[in-house]
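> A structural model of the following input is requested.
(one chain, ligands or ions: 1)
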Amino acid sequence: MFSERFINELSSLLLLQGRLIRLNPERTTIFVGDTHGDLDATERVLARFLKPNTAIVFLGDAVDRGPHSDENLDLILETKLDHPESVYLLMGNHEAFGALPFSPADFWNRLKPEEEKPLSHLLLQLPFAAWHPRGLLGLHGALPEVSSVGEIERIKVGSEEWEAITWGDWTDEEVPNAGISFRPSYDRSDFERRASRLGIKVLVRSHQPTAPMYMFDDHCLTVFTSSAYGRGDRSVAVLRPDQRIETARDLKIVEI
Ligand SMILES: [Mn+2]
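Got it, this is the predicted structure:
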């Protein structure tokens, strides 16, 4: 898939940028949900939003499920290397197969061991979250129990807080069985306590196809950008530089 040189270059960039991406509020930010091998979705997003004044945050789960995982991951990572400040891929549970294997994992299961090892090592260096100074955090699953946004930098792969970020579901009394039984799940009081500690008004995430788009009085937004779940909608969330943020309703949902 990737040359050794490509992996080394991207690895250095990821190390430099760290586990917590601090987004530039002067740019328009686009949050892209799970793409899961939906190459067409990624191509549409890049064709429409890859511009010097825009940052595109892929919320993880680029591989598995859909038919074009290899090409989809290639495209995202190559574009990342060419445009380091315009494209970010956060870690989803499907990028973290090397730390916590699961099944089915069609993309990972197809790889030869000599391909899997360097790729898995690379993807375990992906950032966990993207923070926007207007009070918004983007990550794959659920909020970690930490006392500040900066603490996300120091979360270790494999820890409980890492598992919340990459695997966590949200449940709510209005949405019974919103989570999937074997995955860690957190409720409204967890959300409110964690969001308040982090000082954020809005969480933008993906990961949980059974979750309603808006939860917790519109402070939690779940977006999906893949046709792999059999949902007709593929959308992204757009935050413009001049937009005031109180709830997730202040982000614009755009179908791609
Ligand atoms: Mn996921």
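> Residues of the stretch 51-200 of the chain that sit close to the ion?
Residues of the stretch 51-200 of the chain lying close to the ion (CB under 5 Å from the ion) are 61, 92-93. Using the backbone N, CA and C atoms, a C-beta is placed for each residue, glycine as well.
> What's the PyMOL syntax to select whichever of those residues are buried?
In PyMOL syntax, the buried subset of those is picked out as below (16 or more other CB atoms under 10 Å):
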select buried, resi 61+92+93
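> tally of neighbours for the nearest residue in space to Glu9 that is not next to it in sequence?
Take Glu9 and drop its neighbours on the chain: the residue closest to it by CB to CB, 6 or more residues apart in numbering is Leu81, 6.2 Å away. With neighbours defined by other CB atoms under 10 Å, the count for Leu81 comes to 12.
> what helices or strands is the host helix or strand of Leu81 leaning on?
If you go by DSSP states H and E, Leu81 is part of helix 69-82. With contacts taken as 3 or more CB pairs under 8 Å, 6 or more residues apart in numbering; DSSP states H and E, helix 69-82 sits against helix 4-17, helix 39-49, strand 87-89, helix 106-110.
> for the third one, packing partners?
Translated: strand 87-89. Here strand 87-89 touches strand 54-58, helix 69-82, going by 3+ CB pairs under 8 Å, 6+ apart.
> what's the answer for the last one, then?
Helix 106-110 is packed against helix 69-82, with contacts defined by 3+ CB pairs under 8 Å, 6+ apart.
> could I have the helix it packs on exported to CSV, CA atoms only?
The C-alpha atoms that make up helix 69-82 are tabulated as CSV, following Å, rounded to 0.1, in the frame of the first residue of the first chain:
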residue,chain,number,x,y,z
SER,A,69,-10.9,0.8,2.2
ASP,A,70,-7.4,0.7,0.6
GLU,A,71,-8.1,3.5,-1.8
ASN,A,72,-10.0,5.5,0.7
LEU,A,73,-7.2,5.4,3.3
ASP,A,74,-4.6,6.1,0.6
LEU,A,75,-6.5,9.2,-0.6
ILE,A,76,-7.0,10.6,2.9
LEU,A,77,-3.4,10.1,4.0
GLU,A,78,-1.8,11.2,0.7
THR,A,79,-3.9,14.4,0.8
LYS,A,80,-2.9,14.8,4.5
LEU,A,81,0.8,14.7,3.6
ASP,A,82,0.4,17.2,0.7
